[in-house]
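Visitor: just coords:
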Ligand code: NAP
């Protein structure tokens, strides 16, 4: 809570300080008002938590403000919940589990399918809501709705394929079976960078298996979660199956961890918070899935197709202004192509249009708050002080304090802070390397292991390097690899478990062995 109060305070100060760009800010604010009015009239602007199918205020009446990161405008005040509301949400989920888990898979599937249809039907409004509270450009936000909804569609289909096994018995009078059963109540804690997709990637498989959930969205982006929950209610998902509480993160988190009724914690967010949750889950020995921070290397070899490498590097680095866990955090470029690549990359990055996500042609929105900008800038300054060179950008954007210039820094060394930690902003640090072995060594020299990218035309090299990289996801000649049909997750401290794909179901299932004896 101290962390979030700190970031919010700075955020407000930043708005006051940004008078120099007041004209464009005024224009941006007009956008906020009209979008809020439209969302209100469509019923998608919910501000209360959802407990047992009822929209519920915080019991002590407290609220938190949700601001537009591009303008600082207040979008809405939402319920600021804590321990008591979370306990009630857990009880509702626990009660609903009995009924929901006993529905036929086909029944659960058709309700999930209804939810998917409603999400797609409201793609535009949900996209606007994401741009409003998270900042990403509208086209990207609408893309997130399609991506987020795809998990509900995929797991609606997979719900019907949760098969068990029959095992050939070792004794003639025995029959051995394996049943797969839902784990129970799931606590799902999600971040702000994909306000919809990080929820559906968890809730889709959980509900498909027969689990019920208590979702805790980020306090920066609760409105998308609440709108999605409203559509879930409309789709026939029964009260209590999906609950949403937001507010005091540590209190909500601890209530989920302490409750013996919660059988699983699934978390996407920072490695630091993930470690705390993993330790907390030990007390009641809950299942844990963690999708944590990355430090993705993007390796451009001499034999790469320059156009493909450029397109891929731009996409993987600058999507969502660099605020994704699979964003390239280090661009490793082989010496033979270094000058050519950095010059073309610099030209492309110079032309990225920065601004409010609602403005035409904008491809780089604001960062989530002022604290994020401060962090990005401190990493850049640290690299410069240690000998790295700014090739493009390298400072805060003239639009105001939540905007940062798309930046490329050359001559970065893997020991620098910017290459050790997740920058989570629009900054591409470029590291020069000589040999394939050196590239692999640099790429693997980190505690993270989520996504990695390689650009090469060598088939043998593609396989060799893919196998050598200690990462859960490898993109070969491709910068955008996420899809609902493939497993998403990391090695090392980037997490535990996989989301999406057929593997995503396993995280929400218990395996039960049934031995029937004396059958002869
Ligand atoms: P964060 O600070 O860890 O927050 C994530 C969620 O945890 C938020 O809902 C936050 O609530 C909550 N939280 C914070 N402290 C908590 C506590 N003590 N107990 C329980 N919950 C707590 O991360 P973030 O800044 O939102 O997200 C960025 C991070 O997520 C990056 O590191 C990124 O790499 C990672 N990420 C990973 C993946 C992946 O799939 N591997 C995907 C997306 C993002 P409040 O926001 O309300 O404080």
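Guide: Sure thing, it's come through. Since the model is a prediction, treat every value here as computed from it, not as a measurement.
Visitor: switch to C-alpha atoms for all contacts and neighbour counts from now on
Guide: Will do.
Visitor: so, low pLDDT: which residues of the stretch 301-450 of the chain?
Guide: For the stretch 301-450 of the chain, no stretch is flagged by pLDDT under 70.
Visitor: kindly recompute the last result at 80.
Guide: Along the stretch 301-450 of the chain, segments meeting pLDDT under 80 span 401.
Visitor: can you pull out the strands in it?
Guide: Ranges of strands in the stretch 301-450 of the chain, per DSSP state E, counting those that start in this stretch, are 328-334, 389-392, 407-410, 427-433.
Visitor: report the angle between the axes of the first one and strand 427-433?
Guide: Looking back up the chat, that one is strand 328-334. Interaxial angle, strand 328-334 versus strand 427-433 (axes from the mean of the first three to the mean of the last three Cα atoms, to 10 degrees): 30 degrees.
Visitor: I'd like the numbering to begin with 49 instead of 1 from here.
Guide: Sure, I'll start numbering at 49, so the last one becomes strand 376-382.
Visitor: about what we covered before: quick one: which of the strands of the stretch 349-498 of the chain is nearest residue 244?
Guide: Minimum separation from residue 244 across the strands of the stretch 349-498 of the chain (Cα to Cα) falls at strand 376-382, 21.8 Å.
Visitor: reformat the strands of the stretch 349-498 of the chain as CSV; add distance to residue 278 and mean neighbour count.
Guide: Listed next are the strands of the stretch 349-498 of the chain as CSV, based on distance: least, Cα to Cα, whole Å; neighbours: other Cα atoms under 10 Å:
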stretch, distance to residue 278, mean neighbour count
strand 376-382, 35, 27
strand 437-440, 44, 19
strand 455-458, 39, 22
strand 475-481, 37, 26
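Visitor: number of nearby residues for residue 223?
Guide: Counted with other Cα atoms under 10 Å, residues neighbouring residue 223 total 17.
Visitor: just to revisit the earlier point, make JSON lines from the strands of the stretch 349-498 of the chain and add distance to residue 121 to it.
Guide: Listed next are the strands of the stretch 349-498 of the chain as JSON lines, based on distance: least, Cα to Cα, whole Å:
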{"stretch": "strand 376-382", "distance to residue 121": "31"}
{"stretch": "strand 437-440", "distance to residue 121": "30"}
{"stretch": "strand 455-458", "distance to residue 121": "27"}
{"stretch": "strand 475-481", "distance to residue 121": "26"}
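Visitor: which stretch among those comes nearest the ligand?
Guide: For the ligand, the closest of the strands of the stretch 349-498 of the chain is strand 376-382, at 10.4 Å, according to Cα to the nearest ligand atom.
Visitor: helices or strands up against that closest one?
Guide: Packing partners of strand 376-382 (3 or more Cα pairs under 8 Å, 6 or more residues apart in numbering; DSSP states H and E): strand 344-348, helix 354-366, strand 475-481.
Visitor: now, of those, which is deepest in the fold?
Guide: strand 344-348 (a mean of 30; mean count of other Cα atoms under 10 Å).
Visitor: where does this structure dip in pLDDT?
Guide: Low-confidence segments of the chain (pLDDT under 80): 49-80, 449.
Visitor: for the ligand, what are the nearby residues on it?
Guide: The chain comes close to the ligand at residues 52, 237-240, 264-268, 295, 297-298, 301, 316-318, 321, 339-342, 372-373, as judged by Cα under 6 Å from any ligand atom.
Visitor: surely residue 310 touches residue 138?
Guide: Yes. Counting by Cα atoms under 8 Å, residue 138 is a contact partner of residue 310 at 7.1 Å.
Visitor: where do the contact lists of those two overlap?
Guide: Taking Cα atoms under 8 Å, 6 or more residues apart in numbering as the contact definition, residue 310 and residue 138 share the neighbouring residues 233, 304.
Visitor: kindly check the end-to-end length of stretch 182-191 for me.
Guide: Stretch 182-191 has an end-to-end distance of 14 Å (Cα to Cα, to the nearest Å).
Visitor: same check, this time on stretch 277-297
Guide: Span of stretch 277-297 from end to end, Cα to Cα: 19 Å.
Visitor: pull the distance from that stretch to the chain's centre.
Guide: 19 Å (Cα atoms, centre = their mean, to the nearest Å).
Visitor: buried ones in it?
Guide: Judged by neighbour count (16 or more other Cα atoms under 10 Å), stretch 277-297 contains these buried residues: 277-281, 283, 285-297.
Visitor: not counting sequence-adjacent ones, nearest residue to residue 207?
Guide: Residue nearest to residue 207 in three dimensions, not counting chain neighbours: residue 256, with 4.6 Å by Cα to Cα, 6 or more residues apart in numbering.
Visitor: among the residues of the chain next to the ligand, the buried ones, what's the ChimeraX command?
Guide: Buried residues among the residues of the chain next to the ligand (16+ other Cα under 10 Å), as a ChimeraX selection:
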select :237,238,239,240,264,265,266,267,268,295,297,301,316,317,318,321,339,340,341,342,372,373
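Visitor: just the residues of the chain next to the ligand: which are in helices?
Guide: The helices, defined by DSSP state H, take in 52, 297-298, 301, 321 from those.
Visitor: and those residues, which is closest to residue 352?
Guide: Set against residue 352, the nearest of those by Cα to Cα is residue 321 (37.9 Å).
Visitor: residue in the stretch 99-248 of the chain with the shortest distance to the ligand?
Guide: Going by Cα to the nearest ligand atom, the ligand is nearest to residue 239 of the stretch 99-248 of the chain, at 3.6 Å.
Visitor: you'd agree that residue is up against residue 314?
Guide: No. Counting by Cα under 8 Å, residue 239 does not reach residue 314; the two are 11.7 Å apart.
Visitor: three-state assignment of residue 510?
Guide: helix (DSSP: H, G, I helix; E, B strand; the rest coil).
Visitor: and it, how many residues sit next to it?
Guide: If you count neighbours by other Cα under 10 Å, residue 510 ends up with 17.
Visitor: helices of the stretch 349-498 of the chain, start to end?
Guide: Per DSSP state H, counting those that start in this stretch, the stretch 349-498 of the chain carries helices over the ranges 354-366, 386-398, 418-433, 465-468, 484-492.
Visitor: okay, these in TSV with distance to residue 407 next?
Guide: Formatted as TSV, those follow (distance: least, Cα to Cα, whole Å):
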stretch	distance to residue 407
helix 354-366	17
helix 386-398	18
helix 418-433	21
helix 465-468	30
helix 484-492	37
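Visitor: out of these, which gets nearest to residue 529?
Guide: The nearest among these, by Cα to Cα, is helix 354-366 at 9.1 Å.
Visitor: check which helices and strands the closest one sits against.
Guide: Using 3+ Cα pairs under 8 Å, 6+ apart, helix 354-366 is in contact with strand 376-382, helix 386-398.
Visitor: export the ones you listed to CSV and tack on distance to residue 160?
Guide: Output for these, formatted as CSV (distance: least, Cα to Cα, whole Å):
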stretch, distance to residue 160
strand 376-382, 33
helix 386-398, 40
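Visitor: for residue 500, name its beta-bridge partners.
Guide: Residue 500 has the following beta-bridge partners by DSSP bridges: residue 522.
Visitor: my error: substitute residue 126 in the last question.
Guide: When assigned by DSSP bridges, residue 126 has beta-bridge partners residue 112.
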